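Novice: Provided below for reference: sequence and predicted model.
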Amino acid sequence: MNNRLRCPICKMHYKATDRVVLDILNTVIHQRCYNSSSLEILDKGTYKYILDKYSFLNGVSVAEVQSPVGNVIPFPNRNN
Ligand SMILES: [Zn+2]
């Protein structure tokens, strides 16, 4: 069973450390694939960060994408 999300642009499955954006239609797109002339961005960060924060995107096991070494990836543009 493999229902991990894929990028609608490049069709690649996301990896935990991929930098992605979440648009206003709740579509996850690679930051590198996202075209700034398209929809507004709700949030951005690594795929793992987006999944953890927006659990409604699931169907996906977050445990599956967690780093085994537990290293923390900084989010320079994180708004809190
Ligand atoms: Zn992509």
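Specialist: Thanks, I have the structure now.

Novice: Contact partners for residue 39?
Specialist: When contacts are counted by CB atoms under 8 Å, 6 or more residues apart in numbering, residue 39 is found next to 23-25, 27. Glycine gets a C-beta too; all of them are placed from N, C-alpha and C.

Novice: how about the residues of this protein near the ion?
Specialist: If contacts are counted using CB under 5 Å from the ion, the residues of the chain sitting beside the ion are 7, 9-10, 30, 33.

Novice: If you rank those residues by neighbours, which is first?
Specialist: Across those, neighbour numbers were computed from other CB atoms under 10 Å; residue 7 holds the maximum, 19 neighbours.

Novice: who's the residue nearest to that residue when sequence neighbours are not counted bridged to?
Specialist: Excluding the flanking residues, the one nearest residue 7 by CB to CB, 6 or more residues apart in numbering is residue 30, at 4.9 Å. The residues paired with residue 30 through beta bridges, assigned by DSSP bridges, are residue 20.

Novice: Quick check, pLDDT for residue 30.
Specialist: As predicted, residue 30 sits at a pLDDT of 96.

Novice: Run through the residues that contact it.
Specialist: Residues near residue 30 by CB under 8 Å, 6+ apart: 7, 9-10, 12, 14, 18-21.

Novice: before we move on, what about residue 31?
Specialist: For residue 31, the contacting residues are 19-21, 44, by CB under 8 Å, 6+ apart.

Novice: Widest-spaced pair of those residues?
Specialist: Across these, the longest distance by CB to CB is 8.1 Å; it joins 19 and 21.

Novice: All the strands of the chain, residue numbers only.
Specialist: For the chain, the strands defined by DSSP state E occupy 19-23, 28-30, 41-46.

Novice: I'd like those as a markdown table, with distance to residue 53 appended.
Specialist: Rendered in a markdown table, the data for the strands of the chain read as follows (distance: least, CB to CB, whole Å):
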| stretch | distance to residue 53 |
| --- | --- |
| strand 19-23 | 9 |
| strand 28-30 | 11 |
| strand 41-46 | 7 |
